[in-house]
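Asker: Output the structure for:
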Amino acid sequence: MTHNPSSQPRLSQGSYEEDMAALLAPRLAYFAGVARHEHVTRAALDMGVPQSTLSRAMVRLERDLGVALFARKGRTVSLTPAGRTFLRSVERALGEVERAADAVRADADPRAGKVAFGFLHTMGSETVPGLLRAFRADHPKIRFTLVQNYGEAMLGGLRTGELDLCLTSPVPDAPDLVARRLDEQRLRLVVPDDHRLAGRRRVRLAEAADEVFVTLEPGYGLRRITDDLCAAAGFTPRVAFEGEEAETLRGLVAAGLGVALLPPPAVARPGVVELTVTAPRAVREIGVAWLDGHPDTAPVAAFKKFLLSRRGRLLPE
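Answerer: Presented below is the predicted three-dimensional model:
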């Protein structure tokens, strides 16, 4: 194992950091083992690798670093000052790898793993809590990371791996995603309680063609549905205010600042009247989506199966 590392070729200073990491990473555990035992033979026996393999790995590690990590005397070795410095960082790195491995194993545990689940803001007060309560009756230890957002942002979360599953509307149609329709939700025309239509129970959407609307911002699924329904009714809505949350829009309606097409509230809000829209058919489809080809952990597979079993009865009565 005797050599002169300074005479060996080194990586050029222009090499990328990821190239160095890829070059060194496979040998770091070997290095830590030899440093711990201060003996090549004992380290090889402990790690279950041939002594020759271990010796060559240490020679190549020092060659690639261009630094002597060990002072050698036969099979016995001791760390040089550079070796001690390197070992402190290697032990931290290996510790992080071990913690990461423990974390991903824990997240995949069939009984107590984790699901990253996204859903629309309008489903956060009643629908999702009810779903989680029903699911956890049979899976009490499964953990959830919950993300409330608008549809396009959640689809982005599926693609980046931030989310495992999401409930969204409209049901997406994209080649890299799988989506299943689960239910539909009626939308209502919400008007102030002193509005000319407030005494009605039902209304055709065309009767609101001259009204000012308050809506969600462009990019939200409900905004797209609102625009499409108004177009089907023969008009383009005049938008006075755009927001990010349905209950804020209800507050704007109650203040007399416009009308809105919204799903039913979890709790009735004073100051507004909610009218059934008879034409066109005012509903939004709600579905579950996930990334195509993405392998599921056992907890994700269980929750996906549960959601699909709720087809037609996803929403509270």
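Asker: for the protein, where's the lowest mean pLDDT among helices and strands?
Answerer: The helix or strand of the chain with the lowest confidence, counting by mean pLDDT, DSSP states H and E, is helix 17-37 at a mean of 80.
Asker: so residue 258 touches residue 212, yeah?
Answerer: Yes. Residue 258 is in contact with residue 212 according to CB atoms under 8 Å; the separation is 4.3 Å. To be clear about C-beta, it is placed using only N, CA and C from the backbone, and glycine gets the same treatment.
Asker: burial measure for residue 129, as a count.
Answerer: Neighbour count for residue 129, taken as other CB atoms under 10 Å: 14.
Asker: and whichever strand or helix holds it, how far from the chain's centre?
Answerer: Using DSSP states H and E, residue 129 maps to helix 127-136. Mean-position distance between helix 127-136 and its chain equals 19 Å (CA atoms, centre = their mean, to the nearest Å).
Asker: of residue 258 and residue 212, who's got more company?
Answerer: Neighbour count, other CB under 10 Å: between residue 258 and residue 212, residue 258 has more, with 21 against 14.
Asker: Could I get the phi/psi values of that one?
Answerer: phi 160, psi -170 (degrees, to the nearest 10).
Asker: residues contacting it?
Answerer: 211-214, 240-241, 252 (CB atoms under 8 Å, 6 or more residues apart in numbering).
Asker: Give me the buried entries from the residues you listed.
Answerer: 211, 213-214, 241, 252 (16 or more other CB atoms under 10 Å).
Asker: who touches the closest residue to residue 86 other than its chain neighbours in this structure?
Answerer: Nearest residue to residue 86, sequence neighbours excluded (CB to CB, 6 or more residues apart in numbering): residue 69, at 5.9 Å. Each residue near residue 69 by CB under 8 Å, 6+ apart is listed here: 31, 58, 61-62, 79-80, 82-83, 86.
Asker: For residue 69, give me the pLDDT.
Answerer: On pLDDT, residue 69 comes in at 94.
Asker: How about residue 97?
Answerer: Per-residue confidence (pLDDT) for residue 97: 88.
Asker: element containing it, please.
Answerer: In this assignment (DSSP H and E), residue 97 forms part of helix 81-107.
Asker: Packing partners of that helix?
Answerer: helix 17-37 (3 or more CB pairs under 8 Å, 6 or more residues apart in numbering; DSSP states H and E).
Asker: Quick one: low-confidence residue ranges for the stretch 151-300 of the chain.
Answerer: Across the stretch 151-300 of the chain, nothing is flagged by pLDDT under 70.
Asker: re earlier: for residue 27, see how far away the residue nearest to residue 86 is.
Answerer: Going from residue 69 to residue 27 by CB to CB, to the nearest Å gives 11 Å.
Asker: ok, the closest residue to residue 233 other than its chain neighbours - contacts?
Answerer: Nearest non-adjacent residue to residue 233, counting by CB to CB, 6+ apart: residue 205, 4.0 Å away. By CB under 8 Å, 6+ apart, the contact list for residue 205 reads 189, 229-230, 232-233, 261, 277, 279-280, 282.
Asker: if we go to 10 Å?
Answerer: 187, 189, 226, 229-230, 232-235, 237, 261, 275, 277-282 (CB atoms under 10 Å, 6 or more residues apart in numbering).
Asker: out of the contacts of residue 69, which are buried?
Answerer: Buried members of those, scored by 16+ other CB under 10 Å, are 31, 58, 61-62, 79, 83, 86.
Asker: got those as JSON lines, with distance to residue 172 columns?
Answerer: Output for the buried ones among the contacts of residue 69, formatted as JSON lines (distance: CB to CB, whole Å):
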{"residue": "31", "distance to residue 172": "48"}
{"residue": "58", "distance to residue 172": "53"}
{"residue": "61", "distance to residue 172": "49"}
{"residue": "62", "distance to residue 172": "53"}
{"residue": "79", "distance to residue 172": "56"}
{"residue": "83", "distance to residue 172": "54"}
{"residue": "86", "distance to residue 172": "49"}
